[in-house]
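A.B. asks: Would you be able to build a 3D model of this:
(2 chains)
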Amino acid sequence: MRMLNKFLILSLAFVAFTFISCDKEDDCTLTCNADEVLSAECTCVKLNTSNEVRVTTNVTANTTWTKDKVYILATRVTVTSGATLTIQAGTIIKGEAGTGANATALLVARGGKLIAEGTAAAPIIFTSIADELSPADVAAGNFGSPNLSSDVNGLWGGVIVLGKAKISASKDNGDVSEVQIEGIPTSDPNGLYGGAVDNDNSGILKYISIRHGGANIGNGNEINGLTLGGVGNGTVIENIEIVSNQDDGIEWFGGTVNVKNVVVWNVGDDGIDTDQSWAGTLDNFVVIASTGHCFELDGPEGTYMAGHTIQNGSIIASSTGRISEDLINVDANSIVNLKNLYFTGVMDGQKVNRVTAAGVTFEGIQINVDASVLLTFINGAVPAGITAGTTSKANISGLGWTWASKAGAMTGL
Amino acid sequence: MRILITVVIIAISQLIIAQTGTVRGTVLDKKSAESIIGANVLVNESGVGTVTDLDGKFELELEPGTYKLTLSYIGYQSIVVENVVVAPKKVTVLEDVFLGEDALQLQEVVITAAATRTTEVALLTLKKNSSVMLDGISSAKMKLIGDGNAVDAAKRVTGVSVEGGKYVYVRGLGDRYIKTMMNNVDIPGLDPDKNTLQMDIFPTNLINSIVVSKNFTADLPADFTGGVLNLETKDFPEERVFTISLGTSYNPSMHFNSNFLSYKSSSTDFLGFDDGQRALPKLARNSRIPTPISGASPEQVNSFVKSFDNQLGAVRSNSLMDMSGSISYANQISLGKNKENGGSKLGYMFSLSYKSDYKYYDDVEFGEYQRLIDPNSYEILPATVQNGSIGERNVLVGLLGGVAYKTQNSKIRLTAMHLQNGESKAGKFEIVNDGERVGQSGYFAVSDNLEYNQRSLSNVLLNGVHVLKDKNWEIDWRVSPTLSSSEDPDIRKTAFTISEVATSFSAGAGGNPSRIWRSLSELNATAKIDVTKKYQFKDNEAKVKFGFSQNYKKRDYEILFYDIQFFGQQAWNSSDPTAVLNNENIFPSSTNGIYYQSGNREVNPNEYSSNVMNTAFYVSNELYITKKLKTILGIRAENYVQRHTGRDQRYAAGDFENGKSFDNDKVLDNLDLFPTANFIYNVTADQNLRLGYARTIARPSFKELSFAQILDPITNRIFNGSLFQYDQWDGNLVPTKIDNIDVRWEKFLANGGLFSVSPFYKKFSNPIELVRIPEQQTSTEYQTRNVGDAQLFGVEVEFRKDLGFIGAGFENFEFNANVTLVQSELEMTKVEFDARKTYEKTGENITNKRQMAGQSPYVINGGISYGNRDLGINTGIFYNVKGPTLFIVGAGLFPDIYTKPFHSLNFTLNKKLGKGDRAAVDFRVANILGSEIQDYYQSYNATNQTFSLFKPGTSFSLDFTYKL
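C.D. replies: Here you go, the predicted structure:
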């Protein structure tokens, strides 16, 4: 029996060792602002005094968002196939905060349509919930954020438009070619794009400013300001501004859509990014102080080969505290005509990374440096199409509506 | 401390017992190796006697002297054991005495006490006569060889290889098809995603046997295919065990290395768990955490950021050597000796073990490679390559205790076990990403990775065995609950992206700094009852066995994720991660303006709860059709219901229409029948021919049948649960059914030698493999899927023989070899075949057949050992290798990934020292060849490229054991 007692002690020691951890209850110490209430979960929730509409589900039927309201993206809102989302000129859309699976975005899936026709006087603005910009500000012509600096990024996702036009992707299974768009978790099939309909129509995007976005879903996998995956040339995209996105400004993944009158300002990665044989033209644009490459232009990834044209652009390659990496970054297999581009604000170390790619042509490109040092900004022999010079190439007269223009970021172009 | 005192008290109490000595022994049936219950044991000199209990065991307490014992049982030939020496306060053990059937009424057989101590006779007899094809190692052999723990012992079992010092492979089949049990009960491993139990915590002196069954009988769980390993702990040790052992291990490339990487440990890390230092800050659980844009004040944001541990960088410092120690105590007490009915006995055991290991891997490499679409470009090219080093500190504490009570006809035992394991990891890497590859943007980054993983497992087993009615009925019942958990508190990754013009965090390149908390807890409860009835069939003993078991498992899992964000511009003087969370960088500071952003929705797609109820019945009958042909026919029914509570990202994101959500919904509901037939033909007394057929199953795990997306922060690779649908995958993962046919011819040689040849065939329908998800090209993602049907042919040859035939002096050498060759063939799905065809290279001929994933084409185990009982020396050199094994199925852009053969050559030397072999020294050299652990990409005509590479180096270890 004595032995049994010993075992009891041993067992108790054993049990004590087993259950060592313990948890403490939370106590909330948050104090809220006057226009907020404290919720049970210890968060400050804004009193709903405004005309805000919180969008929590996908757009699966034809829907119109009107300019008298502010639309809050509470999630990744998808315009599904067959549905059309119409956004009136002057409407403000704000994304809630979040990263990873929690990131908010507007996604137009294949077969869905976005009709967002802003005007120079009443642009459509996508921004963060943190932005205090109001419909009254827009109506009064104040398009800049009253409280957020133009270099705050990563507060929400971005705008993604997907279509059925050809892409040169590497997952060819013989017939169909479709892949998952960057920035959307693989598990959401609404993120698939690509097809064979080159005149596919995903709608109309005019006078749109997209700001403070770029939330990531995993390292190296995040949402661009405007992502265009397999978008067909039946789609109209013009007068677009991207401000302070954590990833690229605009990225094309194949497709045939043409885009014109673009401003990309203070983005955290590449200004203009193309992949998978985008077969369209970017015309008349300004890129200012993106901290990745100014241009990141990749080649085809599959057997389908097509190229694009980038023309009439002015690029400011640095600003205070912000320096771009490569001026132009192309792959050995890239297919692109670069025409009438002007680089200014160029710093030592910045380069055109490759001039030997067979599919890449340079024409009328000027770099604002002394002709004697032009060589140091080119990786290789200077092509005939690149010269030292000071002629701005973009026509910025129609871009005065942008925040970048109003903030004076385009001065000198 | 209290434990130590208690152990000392128990030890002292043993010394007060009277000045007599004890004889203990086991009586077994020569034919079946089963224990004989109720055999008579008579002391010739005094006429005192006793009978054997339900384990065939007896015990006599005698005055010091030399005796003759007569062992007899009706229908069996009696045996007289001479020269049984009884010394005061000592236990004399007659290990296994075999009684043969008394066919010819011959005179009794006379043997000496020493002769009962031959090695492994019982196990070999068991093997010879067993219904299943089994291999194993007994406590007697473990004692003789002197292996310290169960892993070393298990390696000696034929056809078994042990990976990473922990996990068991049988016949080259990996974890999915292998199962480990303890005391015949399914218990989860410390690693909840593995089937197999970590075995290096069991000291061999508390193990009764390790047995591997390579084919299925109805009384075993149906979810294994390669083999099931059962580790049986001791309940009534023959002799008192009280040992203390201390050990150390030195690896020149890892220890006393000033480059060793670590980070701040908590005050309880040395015990294998975190004291709360890495706990998630309270407010971080809220759905809206304080950020500059959440409405929180700058002070609130600032103090929230500071509530996280501020270390993000790995620190270089000196590493120590590995240390281990254990103490174990076990004994039995007779509560009525020399009784005619055998009396009753109390057995008990306790063990505490502690291990602390330091590992340092230099030149660690992780690579992501892609094929080119051009059919004439053969080489595969790097998308991302990471090079760096990792330092690990691993602490393992094991506690094992048990108490057992038996009478002549009943036995009840209670064992309890707790394992606590903590692993702290710190790494530094350089990451090169090539923007020219598909889906890649091109960057260079330097990263610091900090991780901590703590696991615990607590298991209790209550087991009863009862023999009824003239010993013809035996009832065995077991109840065993297990609680286990695995936590990864605060996994930190900080990667500066460095370009020619700037050093900063870039979400589109090396990523922003991130922190992850993962938590898993699991409950596993098993109850089972087995009933055996012996009867006579045509004058031969026959047995019918039936039983019922129920197993309930429940798992809760959650991942929480946080990203560091910068409110405004970044400005860093250097890429020093230790300075990142300095006060001047934290919001509301205008430079860097650090705050945390939450990656967690109110409804978390990365949280799930799953449970399983598995109810099984079986009946099995064993009989001799003729004197030489034994049959075992059986059938088992398992009703397996798995339920899942979880939701996909779309549902969690508010898309209730297209999103999927499960609320304790059935994801598996199968009633399966598992028939089995085994035939054993005794060709001659030392030759058997066996034939077996069985149907078995391999079921998806909780993780596999979920919506979880689990990121490995170092490699940035993501595992996806199989419930996600893709255009080539319907999200419906089903169990793999396997038909097994096994043949074995075995010849038993003198002195424990053996030669056997075992051809086998297995047919898999719906095998489950890990597949690269082709749609996702930016991040590296995998998913387990059912792939096409597969089959394999194999042959296992085993040879074990002493080298006495060479000449005198060689009889103490033993050569053993076990070679398995397997040809596996899987028929690809059309999707996989088409994807491979698209990337077919000039000269390559792709068919729709390939090797099965996880199946090694060959396994070679071999060794030469020398054992001299008189000198107390046991030494040997052992070699093991597995052939190149398909690890992850690629196809298309992404090449297949294979595991490279690891040529493992190890040396062991065990020397017993001192009077009565009280002390023992064990010296081992592991990985003499300095092999590397590598997985690699393979593509037609291309140079193989690294998927992952570790260099473990050669280690030297020394253990000292002392018996008190």
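
A.B. asks: so where does the residue of chain B most remote from its centre fall, helix or strand?
C.D. replies: Here chain B reaches farthest from its C-alpha mean at B:Ser590, the gap being 52.2 Å by CA atoms, centre = their mean. Using DSSP states H and E, B:Ser590 is not contained in any helix or strand.

A.B. asks: ok, it touching B:Gly568?
C.D. replies: Yes: contact criterion CB atoms under 8 Å: B:Ser590 and B:Gly568 qualify, at 6.2 Å. In short, each C-beta sits where N, CA and C put it, glycine included.

A.B. asks: got the contact list for B:Ile680?
C.D. replies: When contacts are counted by CB atoms under 8 Å, 6 or more residues apart in numbering or on different chains, B:Ile680 touches B:131, B:629-632, B:688-690.

A.B. asks: Could you do A:Lys164 as well?
C.D. replies: Contact analysis of A:Lys164 by CB under 8 Å, 6+ apart lists A:110-111, A:193-197, A:200, A:230, A:232.

A.B. asks: please redo it, this time with the cut-off set to 10 Å
C.D. replies: Taking CB atoms under 10 Å, 6 or more residues apart in numbering or on different chains as the contact definition, A:Lys164 lies against A:81, A:110-111, A:178, A:193-202, A:230-232, A:255.

A.B. asks: what does the stretch 551-700 of chain B have sitting close to chain A?
C.D. replies: When proximity is defined as CB under 10 Å from any CB of the partner chain, the stretch 551-700 of chain B approaches chain A at B:559, B:561-571, B:590-591, B:593, B:596-602, B:604-606, B:648-650, B:652-660.

A.B. asks: Write the ChimeraX selection for whichever of the contacts of B:Ile680 are buried.
C.D. replies: Buried residues among the contacts of B:Ile680 (16 or more other CB atoms under 10 Å in any protein chain shown), as a ChimeraX selection:
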select /B:131,630,631,632,688,690
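
A.B. asks: from the contacts of B:Ile680, which single one is nearest chain A?
C.D. replies: Minimum distance to chain A across those is 36.5 Å, recorded for B:Ser131 (CB to the nearest CB).

A.B. asks: Helices of the chain, residue ranges please.
C.D. replies: I went with chain A, as the question did not name one. A:2-18, A:135-139, A:403-406 (DSSP state H).

A.B. asks: hm, I was asking about chain B
C.D. replies: Using DSSP H, helices in chain B cover B:2-15, B:121-129, B:139-145, B:150-154, B:298-306, B:649-652, B:830-838.

A.B. asks: ok, back up a step: return the subset of the contacts of A:Lys164 lying in strands.
C.D. replies: By the criterion of DSSP state E, membership of those in strands covers A:Tyr193.

A.B. asks: If any of the contacts of A:Lys164 are buried, put those into a ChimeraX selection.
C.D. replies: Selecting just the buried residues from the contacts of A:Lys164 in ChimeraX takes one command, with 16+ other CB under 10 Å as the test:
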select /A:110,111,178,193,194,195,197,198,200,201,202,230,231,232,255
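
A.B. asks: filter the contacts of A:Lys164 by proximity to chain B?
C.D. replies: Taking CB under 10 Å from any CB, the overlap between the contacts of A:Lys164 and the neighbourhood of chain B is A:Glu178.

A.B. asks: give the contact list for residue 154.
C.D. replies: Defaulting to chain A. Going by CB under 10 Å, 6+ apart, A:Gly154 touches A:97, A:99, A:103, A:128, A:212-216, A:222-223, A:244-247, A:268, B:507, B:512, B:563-567, B:597.

A.B. asks: That was the other one, I meant chain B.
C.D. replies: For B:Ala154, the contact set (CB under 10 Å, 6+ apart) comprises B:136-137, B:147, B:160-162, B:168, B:180, B:199-200, B:202, B:207, B:210, B:212, B:229, B:231.

A.B. asks: And the furthest pair within those?
C.D. replies: Every pair in those was compared (CB to CB); the two farthest apart turn out to be B:Ser161 and B:Ile207, at 19.1 Å.

A.B. asks: Select from the helices of chain B the stretch with the lowest mean pLDDT.
C.D. replies: Mean pLDDT is lowest for helix B:2-15 out of the helices of chain B, coming in at a mean of 51.

A.B. asks: Low-confidence ranges, the stretch 151-300 of chain A, go.
C.D. replies: Applying pLDDT under 70 to the stretch 151-300 of chain A flags residues A:170-177, A:187, A:217-221.

A.B. asks: if we can go back for a sec, quick check: neighbours shared by B:Ser590 and B:Gly568?
C.D. replies: Taking CB under 10 Å, 6+ apart as the contact definition, B:Ser590 and B:Gly568 share the neighbouring residues A:Ser149.

A.B. asks: burial count for B:Phe566?
C.D. replies: A count of nearby residues for B:Phe566, using other CB atoms under 10 Å in any protein chain shown, gives 25.

A.B. asks: scratch that, A:Val382 is what I was asking about
C.D. replies: For A:Val382, the count of nearby residues is 17 (other CB under 10 Å).

A.B. asks: Ok, B:Asp374 next?
C.D. replies: Residues near B:Asp374, counting by other CB under 10 Å, number 12.

A.B. asks: pull the CA atoms of stretch A:373-393 into PDB?
C.D. replies: Taking Å, rounded to 0.1, in the frame of the first residue of the first chain, the C-alpha atoms of stretch A:373-393 are listed here in PDB:
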ATOM      1  CA  VAL A 373      27.600  60.000 -69.400                       C
ATOM      2  CA  LEU A 374      24.600  58.500 -71.200                       C
ATOM      3  CA  LEU A 375      26.500  55.300 -71.600                       C
ATOM      4  CA  THR A 376      26.500  54.700 -67.800                       C
ATOM      5  CA  PHE A 377      22.700  54.500 -67.800                       C
ATOM      6  CA  ILE A 378      22.600  51.800 -70.500                       C
ATOM      7  CA  ASN A 379      23.600  48.200 -69.900                       C
ATOM      8  CA  GLY A 380      25.400  47.700 -73.100                       C
ATOM      9  CA  ALA A 381      25.900  49.700 -76.300                       C
ATOM     10  CA  VAL A 382      23.600  52.700 -76.500                       C
ATOM     11  CA  PRO A 383      21.000  52.000 -79.200                       C
ATOM     12  CA  ALA A 384      20.200  54.600 -81.800                       C
ATOM     13  CA  GLY A 385      16.800  55.200 -80.400                       C
ATOM     14  CA  ILE A 386      18.100  56.400 -77.000                       C
ATOM     15  CA  THR A 387      19.600  59.800 -76.700                       C
ATOM     16  CA  ALA A 388      20.400  62.400 -74.100                       C
ATOM     17  CA  GLY A 389      17.800  65.200 -74.100                       C
ATOM     18  CA  THR A 390      15.200  67.200 -72.300                       C
ATOM     19  CA  THR A 391      12.000  66.900 -74.400                       C
ATOM     20  CA  SER A 392       9.000  65.800 -72.500                       C
ATOM     21  CA  LYS A 393       6.900  63.300 -74.400                       C
END
